[in-house]
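Undergrad: Quick one: sequence and predicted model below, then my questions.
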Amino acid sequence: MSAAEPAALRREAPALQRRWPSSEAGKEFVSFTDILTGAVVMAPMTKGSNLPYRRLCVEFGAQITVSEMTLARRLKQKRGGEFALIRRFPGEPCFGVQLATNKPDEAAWAAALVEARGADFVDVNFGCPIDYFTRKGLGAAIGQHPGRIRRLVDAMKRSVAHIPVTAKIRLGWNESSLNYLAQARAAVDGGADALFVHGRTRNARYRSAADWDAIAAIVSAVNVPVIGNGDLLFGHEIAAARQQSGAAAVMVARAALIKPWIFREVREGDWDISAEDRVAIYRRYAELARDHWGGDAHGMVRVRTFIRWHLDFWCRYVPRHADGTYPSMQRREAAMPARSPLEALLARGDEQAFDYLADRLAAGDAVEPDEVPAAAPRALGDDRDRQQAEAADVEG
């Protein structure tokens, strides 16, 4: 083969020779492609994909998890906070690390590092829409230059010995520059073993629905597994998205933040969960967080900070409507008629409720709805919902 041919064709991919133990009767090992097929992947989300929250989602059945977006340059600078992001927990079934960089040598070094530290696969971020990163030429900014995508993936592929290299892309920078096929082909030409596709442009954020027909076009254009991402909140939506697109698997972000039991629902059907069961789940997260960050004063500050952050998503949970219809991920639903004072408290999105619940959950104390102060009026121009959505949108 000539040097002009794509890297994916010029060499075999040793990563695909790696095998994982199988839980299927009569099958000792499975490949990365086997693991991906039909999976519901927990997306890489800044702050949301923290280690104790990944543990919680795995307890509900998540089989593939990904780190928060990790900056390769900060790893090279030996920053402890960045190294914390690439740590997996014992028993994490299939854990990937997502890297952000725009330099091939940096990408290669960081990919080799995360392989040495036990990652099952390494992903490269071409989708982050946040201004802070795109102004530095990272994330979705790279998606405007497919040639750079190919070079970065190629550098990572050459630097790892046994793990798959994947890439996460968006549909383009905006509606007038939809270059998702060029991005996808560039990543595969560089040697990507699978593609994660968020079905929106960088500029769209959450203003428009995810385009699963565009994801279907990518599935038809490349010969590696494609994992689709966007607007999936219930099990039946996941099945419909896979059927519409032909994607090998799906990835969930906001759904995992709002309802970590989404992974159970995919297997067992909708769960009409009670307020008491929800509090038990949130208490379990607090327990996992204390185990991770510690129960001393410093650790408890971290525990409370993360619980409070998660509460801004947990309060958005709305079950199936009484008429049989489902809430939409695209529309912030009004609070459902509460079936109990506890359910009413969990639906509150105000600072007073968040502070009370964060304090009680972090300390392991009883939650008493009648003790919570009334909500203060929200200030004109409060855009916390948008800010929170963008925080999760770093790769979700």
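TA: Happy to help now that I have it.

Undergrad: phi, psi of residue 47?
TA: For residue 47, the backbone dihedrals (degrees, to the nearest 10) come out as phi 70, psi -40.

Undergrad: Leaving out the residues flanking it, which one is nearest to it?
TA: In space, and not counting its chain neighbours, residue 47 is closest to residue 309: 5.9 Å by CB to CB, 6 or more residues apart in numbering. The C-beta positions use only the backbone N, C-alpha and C, and glycine is treated the same way.

Undergrad: Outside of the one helix or strand the one you found maps to itself, which residues are in contact with it?
TA: Using DSSP states H and E, residue 309 sits in helix 297-314. Under the contact criterion CB atoms under 8 Å, 6 or more residues apart in numbering, helix 297-314 has outside partners 47-48, 50, 52-53, 254, 257-258, 278, 282, 285-286, 289-290, 293-294, 346, 349, 353-355, 357-359, 361-362, 384, 388, 392.

Undergrad: what's the neighbour count on the residue nearest to residue 47?
TA: Counted by other CB atoms under 10 Å, the residues lying close to residue 309 total 18.

Undergrad: Low-confidence ranges, the chain, go.
TA: 1-29, 330-336, 378-396 (pLDDT under 70).

Undergrad: and with 50 instead?
TA: By pLDDT under 50, the low-scoring segments of the chain are 1-16, 386, 389, 391, 393-396.

Undergrad: the strands in it, which residues?
TA: Here the chain has its strands, by DSSP state E, at 20-21, 29-30, 40-42, 64-66, 70-71, 95-100, 121-126, 165-169, 194-198, 226-229, 249-252.

Undergrad: now these in TSV, with mean neighbour count and distance to residue 83?
TA: Supplementary listing: those in TSV, determined by neighbours: other CB atoms under 10 Å; distance: least, CB to CB, whole Å:
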stretch	mean neighbour count	distance to residue 83
strand 20-21	12	25
strand 29-30	14	29
strand 40-42	26	21
strand 64-66	25	16
strand 70-71	22	9
strand 95-100	27	11
strand 121-126	28	15
strand 165-169	29	20
strand 194-198	28	23
strand 226-229	26	26
strand 249-252	26	25
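
Undergrad: JSON lines please, covering those and showing distance to residue 211.
TA: What follows is the strands of the chain, written out as JSON lines (distance: least, CB to CB, whole Å):
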{"stretch": "strand 20-21", "distance to residue 211": "32"}
{"stretch": "strand 29-30", "distance to residue 211": "31"}
{"stretch": "strand 40-42", "distance to residue 211": "19"}
{"stretch": "strand 64-66", "distance to residue 211": "22"}
{"stretch": "strand 70-71", "distance to residue 211": "28"}
{"stretch": "strand 95-100", "distance to residue 211": "22"}
{"stretch": "strand 121-126", "distance to residue 211": "17"}
{"stretch": "strand 165-169", "distance to residue 211": "13"}
{"stretch": "strand 194-198", "distance to residue 211": "10"}
{"stretch": "strand 226-229", "distance to residue 211": "10"}
{"stretch": "strand 249-252", "distance to residue 211": "14"}
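
Undergrad: nearest to residue 79, of these?
TA: Closest of the strands of the chain to residue 79 is strand 70-71, at 8.5 Å (criterion: CB to CB).

Undergrad: What is that closest one packed up against?
TA: For strand 70-71, the helices and strands in contact under the criterion 3 or more CB pairs under 8 Å, 6 or more residues apart in numbering; DSSP states H and E are helix 80-85, strand 95-100.

Undergrad: how about the nearest residue to residue 366, chain neighbours excluded?
TA: Nearest-residue entry for residue 366: residue 360, 7.0 Å, with adjacent residues in sequence omitted and distances by CB to CB, 6+ apart.

Undergrad: burial of that neighbour, as a residue count?
TA: Taking other CB under 10 Å as the neighbour definition, residue 360 ends up with a count of 20.

Undergrad: That one touches residue 367, doesn't it?
TA: Yes: taking contacts as CB atoms under 8 Å, residue 360 lies within contact range of residue 367: 5.1 Å.

Undergrad: ok so, going back, could you tell me which of the contacts of helix 297-314 belong to helices?
TA: In this view, the contacts of helix 297-314 that belong to helices under DSSP state H are 52-53, 254, 257-258, 278, 282, 285-286, 289-290, 293, 346, 353-355, 357-359, 361-362, 384, 388, 392.
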